[in-house]
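J.: A predicted structure for the sequence below; I have some questions about it.
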Amino acid sequence: MEKTILSYDTVALDEAGAALVIIDQTKLPNEFAQLRLTEQPEIWDAIYRLKVRGAPAIGVAAAYGAYLAARAIDTDDYETFAGAFKKACDYLNSSRPTAVNLSWALARMMRAAEAEKSHGVAAVKARLLAEARAIQQEDIDTCRKIGEYGLSLLSPGDGLITHCNAGQLATSRYGTATAPMYLGQERGYRFRVFCDETRPLLQGARLTVSELMSAGLDVTLICDGMAASVMRKGWVSAVFTGCDRVAANGDAANKIGTLPLAIAARHFGIPFYICAPTSTIDMATLTGADIEIEERPAEEVTEMWYEKRMAVPDVKVFNPAFDVTDAGLITAIITERGILRPPYTETIATIMGKEQD
Ligand code: MRU
């Protein structure tokens, strides 16, 4: 079968277990390039520059990055190891602030090290490798379950809108918001998908469109500001997006432009679904107001992708990478443990208290 972008792992450890291998997403769709990263600053930079991006994929990359850091710590003394390992995890954690999967994966790696400490540093390193692999495998299983739950809300022929890229390139496989689309495609649902281009970094136009077209879906690209007009035409049955952090009350941070999509969906009576692995739910963040929103360089708005700068010199630029959609605008949050409905404070607390099946 012909290879497509979906044939490659978004994030992997190389065969020797010595390097993180990622697809350089900043080059897509015009160039397919894989990067082999071994040094911590390279991994930090790859996350910061969105060479690897999307909340679950960042978590998996950080877990492998933490393992590679552990592998390079040369001591048999656990306390010395633990100090250096924490420093490495804190460093990776500083690469991007909004997606909680990053700190979630690193905290999980630190807990795994601690749990194994009585067996010595070599055993801790082996355990960290197993833990990073488990995080990746669980992400695949989780996305598949989100896909099944999401598909249960849809009918053949539905028109869908998605924003940014919550696809395979943002996860280990299937994606979150795209998982119902892939499963539906396999089962003959013939969805029509509208992809927001997603200014300023164009994850929709460059990544989601590539992915979905590779799988044979019917895809139409629109600029972010066109979504309401597409809804008014009656072409949209549901909105599916991913997210970077869900607060305990159901407020959800996702790529900038998600909030206007949710407001437009409410206006037109269209269900607005957030797809979120439970690793994206942060019980320590009480409301959306407590979520740190990443602000990125002005050049992403004024000149990136253009042949020459397309903004008046010296204009002030505000470039937040995410916005927060109020829980009240979200019809349901689709997780691997089930579909959550309002009141989210209760349904989230219940599901987060349950063991994963
Ligand atoms: O800045 P990005 O490209 O990392 O933002 C990604 C998103 O906003 C995704 O929708 C989110 O991480 C969910 S990915 C399954």
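T.: Everything's here; your move. Predicted, not measured: the structure shown is a model, and the values here were computed from it. Numbering: from 1, shown residues only.

J.: quick one: A61 and the ligand, what's the gap?
T.: 11 Å (Cβ to the nearest ligand atom, to the nearest Å). Every residue, glycine included, has its C-beta placed from N, CA and C.

J.: helices or strands next to the one helix or strand that residue maps to in the packing?
T.: Assessed by DSSP states H and E, A61 sits inside helix 55-71. Packing contacts for helix 55-71, counted by 3 or more Cβ pairs under 8 Å, 6 or more residues apart in numbering; DSSP states H and E, involve strand 11-13, strand 20-23, helix 40-48, helix 78-93, helix 100-116, helix 121-151.

J.: for the fourth one, packing partners?
T.: So the one you mean is helix 78-93. helix 40-48, helix 55-71, helix 100-116, helix 121-151.

J.: next, the angle from it to helix 121-151.
T.: Interaxial angle, helix 78-93 versus helix 121-151 (axes from the mean of the first three to the mean of the last three Cα atoms, to 10 degrees): 30 degrees.

J.: pull the distance from helix 78-93 to the chain's centre.
T.: Mean C-alpha position of helix 78-93 versus that of the full chain (Cα atoms, centre = their mean, to the nearest Å) differs by 25 Å.

J.: if we can go back for a sec, adding mean pLDDT, write the helices and strands packed on helix 78-93 out as TSV.
T.: Below are the helices and strands packed on helix 78-93 laid out as TSV (pLDDT from 0 to 100):
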stretch	mean pLDDT
helix 40-48	98
helix 55-71	98
helix 100-116	98
helix 121-151	98
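
J.: spatially nearest residue to whatever residue of the chain ends up closest to the ligand (excluding sequence neighbours)?
T.: Per Cβ to the nearest ligand atom, G242 is where the chain lies closest to the ligand, at 2.7 Å. Of all residues not flanking G242 in the chain, A166 sits nearest, at 2.6 Å (Cβ to Cβ, 6 or more residues apart in numbering).

J.: which residues touch the one you found?
T.: Going by Cβ atoms under 8 Å, 6 or more residues apart in numbering, A166 touches 54, 175-178, 208, 240-243, 275.

J.: so which bits of the stretch 151-300 of the chain are right by the ligand?
T.: Residues of the stretch 151-300 of the chain found near the ligand (Cβ under 6 Å from any ligand atom) are 164, 166, 170-171, 175-176, 203, 241-244, 254-255.

J.: where in this structure is pLDDT low?
T.: 355-357 (pLDDT under 70).

J.: run the last query once more with 80
T.: Along the chain, the model assigns pLDDT under 80 to residues 1, 354-357.

J.: care to break it down by domain?
T.: Here the domain parsing of the chain from automatic domain parsing is 5-143, 154-351.

J.: how far is stretch 142-157 from where the chain is centred?
T.: 18 Å.

J.: now the helix holding A61: buried residues?
T.: Residues 55-70 are the ones in helix 55-71 that count as buried (16 or more other Cβ atoms under 10 Å).

J.: which among those gets closest to P29?
T.: In terms of Cβ to Cβ, no member of these lies closer to P29 than A57, at 17.2 Å.

J.: what's the distance between the closest one and G353?
T.: With the distance defined as Cβ to Cβ, to the nearest Å, A57 ends up 27 Å from G353.

J.: same thing with V239?
T.: V239 sits 29 Å away from G353, going by Cβ to Cβ.

J.: who's more crowded, the two?
T.: Between V239 and G353, V239 has the larger neighbour count (other Cβ atoms under 10 Å), namely 27 against 8.

J.: contact partners for the more buried one?
T.: So V239 contacts 160-163, 261-262, 265, 270-273 (Cβ under 8 Å, 6+ apart).

J.: in TSV, list the residues you listed along with neighbour count and secondary structure.
T.: Shown next, in TSV, are the contacts of V239 (neighbours: other Cβ atoms under 10 Å; DSSP: H, G, I helix; E, B strand; the rest coil):
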residue	neighbour count	secondary structure
L160	25	strand
I161	28	strand
T162	27	strand
H163	28	coil
L261	26	helix
A262	24	helix
A265	24	helix
I270	20	coil
P271	16	coil
F272	21	strand
Y273	23	strand
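
J.: residue contacts, the closest residue to A262 other than its chain neighbours?
T.: Spatial nearest neighbour of A262, chain neighbours left out: L329 (4.1 Å); criterion: Cβ to Cβ, 6+ apart. By Cβ under 8 Å, 6+ apart, the contact set of L329 is 259, 262-263, 265-266, 272.
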